[in-house]
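Colleague: With the sequence up front, the predicted model follows.
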Amino acid sequence: MNDVVIIGDGPGGLSAALFLAKNGLSTVVYGQDKTVMHYALLRNYLGLGEITGTDFQKLAREQVLAFGADIQDRHVDGVVRDGGAFRVTLNGGDTVEARYLVLSEGKAPKLAQQLGVRFEGAVAVTDKNGQTSVPGVYAVGRLARPGRSQAIISAGDGAVVALDILSKEKGQEVIDWDSPPKK
Ligand SMILES: Cc1cc2nc3c(=O)[nH]c(=O)nc-3n(C[C@H](O)[C@H](O)[C@H](O)COP(=O)(O)OP(=O)(O)OC[C@H]3O[C@@H](n4cnc5c(N)ncnc54)[C@H](O)[C@@H]3O)c2cc1C
């Protein structure tokens, strides 16, 4: 049983994975590096100057792995709620379980629809912490804001969702701050 399964490996899913794994939750991301980021030249990602989407994705994946998340090159075919958890079926038929699901599917919200997440038009409706209408299921990035598709927004959404899950687990508000060593 994983703490969190993340479906989608664009900036939204990877950002959620970074915060979750850094703070000790077992986290696996499923995605095949097919994000539209590979078509982008980022000049609007604060702090990064100019970087291709491909280079951004490479750095992001390395950072997420370094914090202990797992990234699996698999497509997720289906998801169902199973008691208090979720059963995720991977391409090929094997299954994994998780207590929380983070959906970062991008423009094709197949799994969100399968789970019965409430939509308004093309928008997966969430609260301010990314929680959808299905308890334990979060939606981030382009899936939740198709009209506001920017890498930095997806990454911010991922961070918000992760902090909400971490806060629920801890029973109090969690923040993730580091400081440089004192001289
Ligand atoms: C030509 C172009 C140029 C762009 N330029 C910029 C720019 O300059 N600046 C900027 O900020 N943004 C730019 N963008 C937008 C940016 O790429 C998106 O905002 C960003 O990729 C959204 O991130 P996301 O994590 O929400 O979703 P996505 O990046 O769409 O990631 C979703 C991922 O989930 C995977 N996935 C979906 N379903 C499954 C499943 N069932 N199993 C496994 N994996 C699954 C997909 O394959 C994909 O990898 C550009 C986009 C395009 C197309």
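Modeller: Yep, it's here.
Colleague: can you pull the buried residues of the longest strand seen in the chain?
Modeller: Selection of the longest strand in the chain by residue count, based on DSSP state E, yields strand 95-103. Across strand 95-103, burial judged by 16 or more other CB atoms under 10 Å covers 96, 98, 99, 100, 101, 102, 103. Quick note: C-beta positions are derived from backbone N, CA and C, even for glycine.
Colleague: could the residues you listed be laid out in a markdown table, adding pLDDT?
Modeller: Formatted as a markdown table, the buried residues of strand 95-103 follow (pLDDT from 0 to 100):
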| residue | pLDDT |
| --- | --- |
| 96 | 96 |
| 98 | 97 |
| 99 | 96 |
| 100 | 98 |
| 101 | 98 |
| 102 | 98 |
| 103 | 98 |
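Colleague: and of these, the nearest to the ligand?
Modeller: Nearest to the ligand among these, counting by CB to the nearest ligand atom, is residue 103 at 8.4 Å.
Colleague: doesn't residue 163 make contact with residue 19?
Modeller: Yes. Residue 19 is within contact range of residue 163, at 6.4 Å (criterion: CB atoms under 8 Å).
Colleague: Who has more neighbours out of these two?
Modeller: Neighbours were counted for residue 19 and for residue 163 using other CB atoms under 10 Å; residue 19 has more, 23 against 20.
Colleague: Next one: the more buried one, what pLDDT does it get?
Modeller: pLDDT recorded at residue 19 is 98.
Colleague: is it fair to say it lies in a helix?
Modeller: Yes. The assignment for residue 19 is a helix, going by DSSP: H, G, I helix; E, B strand; the rest coil.
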